[in-house]
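*Asks:* here are the coordinates; sequence isn't available:
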């Protein structure tokens with residue numbers, strides 16, 4: 001059933017944006033259009049670049065930790081990402097509206113992260129930017145502890161459990177960003193919606209955060225409205 005829902009969602013996306021050209025952010029051959037920001041590479045001569053191209057896929061090796069970031073900025077888009085953990089499940093994420101590098105823990109660019117961590121896909125993490133959701137107290141914790149910098153409650157829980165496929169299988173994540181709104185689906189399940197974000201455009205980044213992750217599709221499509229589809 002989930003597969004049918006997913007393809008129904010994709011068909012809606014294609015129909016609603018058929019006049020807008022899609023852009024593949026990864027060409028399957030090299031990392032043109034991206035740049036690497038891995039702090040350890042600044043000071044450790046033996047540190048490797050954790051982002052490589054392998055068998056037509058963009059691969060995050062996980063260590064050393066850091067980010068691969070688009071050279072260009074984007075606004076008002078749908079981002080379709082297909083990814084899987086190659087072996088051991090772990091952590092990763094897509095950062096949207098990224099700007100100032102190394103703004104958090106001298107590592108993370110200022111952004112809003114859409115989590116890919118195994119069993120937590122679709123959570124929001126506020127990284128020196130902020131966003132609101134419904135039921136904030138239940139999903140973020142006590143209000144007095146909220147924040148966007150070190151030591152604050154920056155995580156906002158997603159709406160579902162069990163949307164991810166088993167480790168080793170491919171997952172599809174769709175992120176729609178329009179102005180100050182973000183909407184997220186994982187394998188066809190509607191998993192998060194945020195609004196009043198403190199940013200509305202920026203770069204897109206992928207993480208190296210401890211686990212090897214393969215990406216076979218990273219496609220961006222301009223949009224002028226947020227999809228009203230929600231998995232019920």
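*Replies:* Everything's here; your move. It should be emphasised that the depicted structure is a prediction, and the values quoted were computed from it without experimental measurement.

*Asks:* Using the three-state scheme, assign residue 79.
*Replies:* strand (DSSP: H, G, I helix; E, B strand; the rest coil).

*Asks:* my read: it touches residue 204, true?
*Replies:* Yes. If you go by CB atoms under 8 Å, residue 79 and residue 204 touch, sitting 6.8 Å apart. For the C-beta atoms, the positions are set from N, CA and C on the backbone; glycine is no exception.

*Asks:* shared neighbours, those two?
*Replies:* 94, 96, 220 (CB atoms under 8 Å, 6 or more residues apart in numbering).

*Asks:* give the contact list for the last one.
*Replies:* It stands for residue 220. Per CB under 8 Å, 6+ apart, neighbours of residue 220: 22-23, 25, 74, 77-80, 204.

*Asks:* want to try JSON lines for the shared contacts of residue 79 and residue 204, with distance to residue 228, secondary structure and pLDDT as columns?
*Replies:* Formatted as JSON lines, the shared contacts of residue 79 and residue 204 follow (distance: CB to CB, whole Å; DSSP: H, G, I helix; E, B strand; the rest coil; pLDDT from 0 to 100):
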{"residue": "94", "distance to residue 228": "22", "secondary structure": "strand", "pLDDT": "98"}
{"residue": "96", "distance to residue 228": "20", "secondary structure": "strand", "pLDDT": "99"}
{"residue": "220", "distance to residue 228": "20", "secondary structure": "strand", "pLDDT": "98"}
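
*Asks:* and residue 8, what pLDDT?
*Replies:* pLDDT recorded at residue 8 is 48.

*Asks:* actually residue 228, not the one I typed
*Replies:* 88.

*Asks:* Count the neighbours of it for me.
*Replies:* 8 (other CB atoms under 10 Å).

*Asks:* what's it in contact with, if anything?
*Replies:* With CB under 8 Å, 6+ apart, residue 228 has no contacts at all.

*Asks:* Check residue 76 too.
*Replies:* Taking CB under 8 Å, 6+ apart as the test, what residue 76 contacts is 177-179, 201, 222-224.

*Asks:* mind listing which of those residues are in strands?
*Replies:* If you go by DSSP state E, those have 177-178, 222 in strands.

*Asks:* Mark which of those residues are buried, thanks.
*Replies:* Neighbour counting by 16 or more other CB atoms under 10 Å classes 177-178 among those as buried.

*Asks:* Which of the ones in strands among the contacts of residue 76 sits closest to residue 48?
*Replies:* residue 177 (31.5 Å; CB to CB).

*Asks:* Assess the claim that that closest one and residue 97 are in contact.
*Replies:* Yes. Shown here, residue 177 and residue 97 form a contact pair, counting by CB under 8 Å, at 7.1 Å.

*Asks:* and for the two, which residues touch both?
*Replies:* residue 200.

*Asks:* buried sites along stretch 28-41?
*Replies:* 34, 37-39, 41.
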